[in-house]
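Asks: this one's structure only:
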């Protein structure tokens with residue numbers, strides 16, 4: 001079969017060829033994450049108070065989308081919140097460095 005890009009470039013995939021698709025590529029796309037750049041760890045870009053066009057659910061694909069979406073997505077997101085709250089309740093945390 002053949003694959004075509006948005007720019008019209010076509011690639012032929014021979015029969016029997018293994019084709020791997022990574023979810024990581026869009027997460028480092030400089031055209032989606034510009035300020036700060038995609039290479040910078042900036043969790044605030046995902047906060048609802050700072051909406052970003054990069055928050056399209058089909059751009060950030062950690063859990064995939066549609067009928068191939070991870071069935072544990074909701075549980076995983078709730079578990080992360082639970083772990084953070086548990087750590088805050090059971091440990092004293094002190095900022096390190098300049099805030």
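Replies: Yep, that arrived. Bear in mind the structure is a predicted one, so any value in this text is a computation, not a measurement.
Asks: Residue 30 touches residue 37, doesn't it?
Replies: Yes - taking contacts as CB atoms under 8 Å, residue 30 lies within contact range of residue 37: 6.2 Å. Just so you know, the C-beta spots here come from the backbone N, C-alpha and C atoms, and that holds for glycine as well.
Asks: Name the residues of stretch 64-74 that come out as buried.
Replies: Residues of stretch 64-74 classed as buried: none (neighbour count, 16 or more other CB atoms under 10 Å).
Asks: and stretch 70-89, how far from the chain's centre?
Replies: Chain-centre distance of stretch 70-89: 16 Å, with CA atoms, centre = their mean, to the nearest Å.
Asks: before we move on, what about stretch 79-95?
Replies: Counting by CA atoms, centre = their mean, stretch 79-95 comes out at 23 Å from the chain centroid.
Asks: and what of stretch 27-35?
Replies: Offset of stretch 27-35 from its chain centre (CA atoms, centre = their mean): 11 Å.
Asks: Distance-wise, check the residue in the chain sticking out farthest from the centre relative to residue 1.
Replies: Here the chain reaches farthest from its C-alpha mean at residue 15, the gap being 31.2 Å by CA atoms, centre = their mean. Distance, residue 15 to residue 1, using CB to CB, to the nearest Å: 9 Å.
Asks: Could I get the pLDDT score of residue 80?
Replies: The model reports residue 80 with a pLDDT of 90.
Asks: where does the protein dip in pLDDT?
Replies: Judged by pLDDT under 70, the chain has its weakly predicted residues at 46, 48-62, 66, 99.
Asks: And the strands in it?
Replies: 2-4, 10-12 (DSSP state E).
Asks: what's the closest of those strands to residue 44?
Replies: strand 2-4 (35.5 Å; CB to CB).
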